[in-house]
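>>> Just the structure for this:
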Amino acid sequence: MDASCACKRTVAVAEKARESGNAAFRRQRYDQALHHYTLALMAAPSLAPRPSSRTTTEGSATSPATKATPTRAQDHHDKHAQCASSCCGDHVSGSTNGSTTAGSTSGDSVALASLVAILLGNRSAALEQLGHLRPCAQAVREALACPRLPRRNAFKLHHRLGRVLAQLGDHNEAEQALRAALSCEHEAEWATPLRREQTTAKVNRLLAETVSAASRDGNRPRDSTVSGVFRCTETTLQQPSPCLPAASDDVTVTYSETAGRYLQARKDIAAGSVVVVDTAWATVLAQEHITRRCHHCLKPTESLLPCVACAHFAACSEECMQEALQQYHYLDCGLACGQPDIGARAGGWSWVPELAVRMFARLLATAPAETTLGDASAVLRLQSDLGQDSNDGAGGNSGVEAGDTDKARKPTEGLDEQTRVCAALLAAELARRLDRQGLDGTWAKLVAAHTVDPGTRLPKSTDSPSAAADLRLGPLLAQLMGTTRCNAIAISELSADSYAKPTATQALDHLVVARGVFPTASLFNHSCVPNVAFGFEGTRVVVRTERDVASKQALLHCYGPRAGRMSKAERQRVLRRVYHFECACEACASEGSHSRAELIRDAWQCQGCKGCVVVEPVGNKGHCVDCAKQVAPADVAAAQQKLGRAAALERTAESREAAGSASPAALVGTWTECERLRAAVLHPANKVLGATRDQLARLCADLGDFPCAAAYCKQSTDTVEQLYGPGMELAHELHKLSCLLAAAGQRKEAIEAGQRAATLFRRIEGPTSQLAQAAESALGC
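Numbers count the residues shown, from 1 in each chain. Next up, the predicted model:
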């Protein structure tokens, strides 16, 4: 067997992941348990690989791009899958679940089928604990359908299926499942006879209740949706640009020496307007989501379909798997597993090499089979259209215009040594894979269009195409890695978990789901005070203006460091480290080293004019930026003592709450004293004081003291508005405030806050925003 085809789907890896899942389940960390059980299913060898042809259905129209490489690439993938199947005998021989002799193919198949059934049962148990009832029932059915399901597990699975279906209102099938459980209870393993008697009695009681409910209410299955995320709704451009794909006619591309290529308003654009609707060219799913989302379309799912050849990729459906195979998985299948040191050599950016390989695979799959140098130049211009430029300009991305090959063809300029070494490792592995697939001519001509770095030996005319490309594939991958790291966009979504209760005061979490490169959206320049907002739905992004944008004004997106959240020094440090440029946006170019929002974020309050006091890091000195009053060192020292006592109280309250050793009333008392000490020193818009009041709002709401909770939330909302302005942060706080005001009986104020929240949500996410609907539905609007 070819070592490069060695499959990483092994029983040993699956068993290890299952043990981790069992440990998490015992600790009642059910989400972690589900993660590990899913990893175990992805790692278990496949005994019967699915047919995975990349050909399209007969009679459908296919472009030359889809006909270019599918057959040879699919042959490689099928060979990889056959390797996985042929290796199962060796892999399964170490399993402890089988009763046959190690090394026997049939015995190993029995052991593997038994392991898969057990893993599906484990996964269903975690899903039930998390309340994901439909996926739980599906996992139980799949486990019961396994031909080698251990009979001792059948009782638990039938019982679980009956419980879940009864909750879903499917009484008929629930009755069948419970009767099946009773029929095989004698085969289950019981700790004691008493345990068996008690469990059997529970099943009989549930069966009686189910039969009674079926006769009373009939069989009415209820829908049960998995707790997911709010995503932007389906949106299209009203007037698409005739020359800029995925952009509206209000947008154009501009170039300058300082800012490079960037998107600009062609005319006045109103707040809330859709300016770009784009689909990612290539994406990589974040590691924390690999067991809960499709690796191709990125949509949440509780039922992943693993790749038959590697333990690294899974899709939500056969359609997504086939599309991934056509675009990039024909090349990167098993690559991450086979090259464990590549991510480590990426300088902590493990997703960068994977995304670069997928971009290269898509370029290769798009290129015609008979690529000429002219065709390669067109593909390279496409790379430029993808926004793959170095970020070295003030105020955002800087690059070159499409077709400016003199400036664009410097693949490894400015790249660090780790990136170069990582690219060399990738180039060596990819060259072997492409040569095995018979694609050496296509990819060699594609890469040959790049000008090599100075000092690199130019290929002779007698060199083979692959030998000539070997000299250039490394620099090309290094360029893709460098530009991917700078131009990839964090694909994020907003968790809906905090809307589980109407009175919840915890803001929605902003989850980074994946990272991707977009043909048009990657052209947005950065600003610490952006005027556009991104909303994602899978691999699709909808970009709207946050405020009115004047004609000829740049459309600016925040890459992460945002004014109000971070100081100017912190933002500049992050942007230099990650994106390699000095930001000169409105916030960073303002007079002085700090803007007003940055000052009040950490400021104290002047005891005279109630203005903003800045304390120097050393010397116990301070001064008010509003009235210029100096603060004496003794006063600074006394204030610092108060803040120290407040910090100690916060630590005590957090530790007692985590340990469950304090009552809610006691916690409110501790946090109230903490808030009193901080309010005596800090500016009302200080971020720490705002967080303290938000914590008090949560605790008071838990006690049912909604008027007090609403008062604290109103103060924290004012803090958010001063720090961040009319954006998403304020919209979330207003929604929380409206819920608390409604619970406190302050109907008029609740409606006002809820309508403000809905207005902000619609401005950012459009007229059909689900967040706006949630804000209004909480008030019965």
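
>>> Skipping adjacent residues, who's closest to residue 562 in space?
residue 528 (5.7 Å; Cβ to Cβ, 6 or more residues apart in numbering). Using the backbone N, CA and C atoms, a C-beta is placed for each residue, glycine as well.

>>> The nearest residue to residue 299 once chain neighbours are set aside - how many residues pack around it?
Distances taken as Cβ to Cβ, 6+ apart place residue 538 nearest to residue 299, at 5.1 Å, with adjacent residues excluded. Using other Cβ atoms under 10 Å, the number of residues around residue 538 comes to 20.

>>> Number the residues from 54 up from this point.
OK, 54 is where the count begins now, so the last one is residue 591.

>>> Distance of residue 591 relative to residue 332?
9 Å (Cβ to Cβ, to the nearest Å).

>>> now do residue 798
Using Cβ to Cβ, residue 798 is found at 47 Å from residue 332.

>>> Which of those two has more residues huddled nearby?
Set residue 798 next to residue 332 and count neighbours by other Cβ under 10 Å: residue 332 wins out with 16 against 11.

>>> I figured the more buried one hits residue 593, correct?
Yes. Using Cβ atoms under 8 Å, residue 332 is in contact with residue 593, at 5.2 Å.

>>> Kindly format the C-alpha coordinates of stretch 305-316 as PDB.
Output in PDB follows, covering the C-alpha atoms of stretch 305-316 (Å, rounded to 0.1, in the frame of the first residue of the first chain):
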ATOM      1  CA  THR A 305     -17.400  50.700  -7.800                       C
ATOM      2  CA  VAL A 306     -13.800  49.600  -7.400                       C
ATOM      3  CA  THR A 307     -11.100  52.200  -6.900                       C
ATOM      4  CA  TYR A 308      -7.400  52.200  -6.600                       C
ATOM      5  CA  SER A 309      -4.900  54.500  -4.800                       C
ATOM      6  CA  GLU A 310      -1.300  54.200  -4.000                       C
ATOM      7  CA  THR A 311      -2.000  54.400  -0.300                       C
ATOM      8  CA  ALA A 312      -5.100  52.200   0.100                       C
ATOM      9  CA  GLY A 313      -4.700  49.900  -3.000                       C
ATOM     10  CA  ARG A 314      -7.900  48.500  -4.500                       C
ATOM     11  CA  TYR A 315     -11.000  49.100  -2.500                       C
ATOM     12  CA  LEU A 316     -14.800  49.500  -2.800                       C
END
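
>>> Go through it and flag the buried ones.
Under the neighbour-count criterion of 16 or more other Cβ atoms under 10 Å, stretch 305-316 has 305-307, 312-316 buried.

>>> can you check stretch 80-100 too?
By 16+ other Cβ under 10 Å, the buried positions in stretch 80-100 come out as 82-83, 85-100.

>>> Now do the same contact list for residue 316.
300, 304-307, 328-329, 573, 576-578, 607-608 (Cβ atoms under 8 Å, 6 or more residues apart in numbering).

>>> what about 10 Å?
Each residue near residue 316 by Cβ atoms under 10 Å, 6 or more residues apart in numbering is listed here: 297, 300, 304-307, 328-329, 450, 573-574, 576-578, 585, 596, 607-610.

>>> these two touch, right, residue 170 and residue 195?
Yes. Counting by Cβ atoms under 10 Å, residue 170 sits close enough to residue 195 to count as a contact (8.4 Å).

>>> Who has more neighbours out of these two?
Applying other Cβ under 10 Å to residue 170 and residue 195 shows that residue 170 carries more neighbours, namely 23 against 17.

>>> element containing the more buried one?
Taking DSSP states H and E as the criterion, residue 170 maps to helix 158-183.

>>> Assumed the residue nearest to residue 615 was part of a helix.
No. Read with DSSP: H, G, I helix; E, B strand; the rest coil, residue 581 is coil and lies in no helix.

>>> since we're on it, how many residues are nearby?
Neighbours of residue 581 (other Cβ under 10 Å): 27.

>>> and it, what pLDDT?
Here, the pLDDT recorded for residue 581 equals 88.

>>> swap in residue 435?
Looking at residue 435, its pLDDT is 39.

>>> Repeat that for the one 10 residues further on.
Here the pLDDT value assigned to residue 445 is 35.

>>> Phi and psi next, for residue 657.
Backbone torsions of residue 657, given as degrees, to the nearest 10, read phi -90, psi 170.

>>> pretty sure residue 341 contacts residue 88?
Yes. Taking Cβ under 10 Å as the definition, residue 341 is a contact partner of residue 88 at 8.3 Å.

>>> In the helix holding residue 170, which residues are buried?
160-183.

>>> Residue ranges in the stretch 704-834 of the chain under the pLDDT threshold?
Scanning the stretch 704-834 of the chain with the threshold set as pLDDT under 70 gives 831-834.
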